[in-house]
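**Student:** kindly generate the corresponding structure for this input.
(one chain, ligands or ions: 1)
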Amino acid sequence: MNYIQTEIDGVWLIEPKVFRDERGYFMEAFKEEEFKAHVGDVHFIQDNESKSSFGVLRGLHYQKGEYCQAKLVRVIKGRVLDVAVDLRQSSPTFGKYVSVELSEENKRQFFIPRGFAHGFLVLSDEAIFTYKVDNAYAPQVEASIRFNDDTIGIDWPVAEERLLLSPKDKDAPLFRDAEYF
Ligand SMILES: Cc1cn([C@H]2C[C@H](O)[C@@H](COP(=O)(O)OP(=O)(O)O[C@H]3O[C@@H](C)C(=O)[C@@H](O)[C@H]3O)O2)c(=O)[nH]c1=O
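**Tutor:** This is a model prediction of the structure:
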């Protein structure tokens, strides 16, 4: 696997080695020791999966305080634009974001450490998204930031009229009202 540092410290792009033959392909999707050596000692405790159709935008999500989560995300069907927003107040990239296209074809993975908000937009007809998290789901402290907040200025490649968001995400607070880390 190739571990590539992104422009935001702590956010990684991971490219698995894919072995193709006449049967199809094989790849190692997660290797704890290797992950630890490159990225750090993250103990994942839960795997999640969601399916969404074109234009679905989930995010920007985070869990507050001690329930914050690191996420290792990937796409097993379709194509998405995945985005991580730095909420770490002492970080030189506080308020900045990094985005990457993840797809069934490129099989890239994206690691988002604790202290970030995360979201993704589906670019294919359908996408199945799967991810590991290192902390328990805690609905009492889950929070969203508005996907089109001007301060963050994410360049989403689908027109707003075509987006489908949950009511909670549509009315999410702005970045200036978020809880930072
Ligand atoms: C995230 C989550 C949701 N749920 C339930 C709550 C709810 O009834 C249903 C759908 O939840 P949501 O609308 O929050 O699902 P969704 O919008 O897909 O939320 C996810 O979005 C992406 C961008 C992330 O980064 C994730 O951490 C998570 O916040 O699933 C769980 O039971 N466990 C979980 O870990």
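
**Student:** and the residue most central in space within the chain, helix, strand or coil?
**Tutor:** When C-alpha atoms, centre = their mean is applied to the chain, the residue found nearest the centroid is His118 (4.8 Å). For His118, the assignment made with DSSP: H, G, I helix; E, B strand; the rest coil gives strand.

**Student:** and it, what are its bridge partners?
**Tutor:** Using DSSP bridges, the beta-bridge partners of His118 come out as His61, Ala84.

**Student:** okay but it is in contact with Leu57, surely?
**Tutor:** No - with contacts counted by C-beta atoms under 8 Å, His118 stays clear of Leu57, the gap being 11.9 Å. All C-beta spots, glycine's among them, are computed from the backbone N, C-alpha and C.

**Student:** now do the contacts for the residue nearest to the centre of the chain.
**Tutor:** 59-62, 71, 73, 82-85, 112 (C-beta atoms under 8 Å, 6 or more residues apart in numbering).

**Student:** dump the residue contacts of the spatially closest residue to Met1 that is not a sequence neighbour.
**Tutor:** Leaving out its chain neighbours, the residue that sits closest to Met1 by C-beta to C-beta, 6 or more residues apart in numbering is Pro16, at 5.1 Å. Residues near Pro16 by C-beta under 8 Å, 6+ apart: 1, 27-29, 107, 109.
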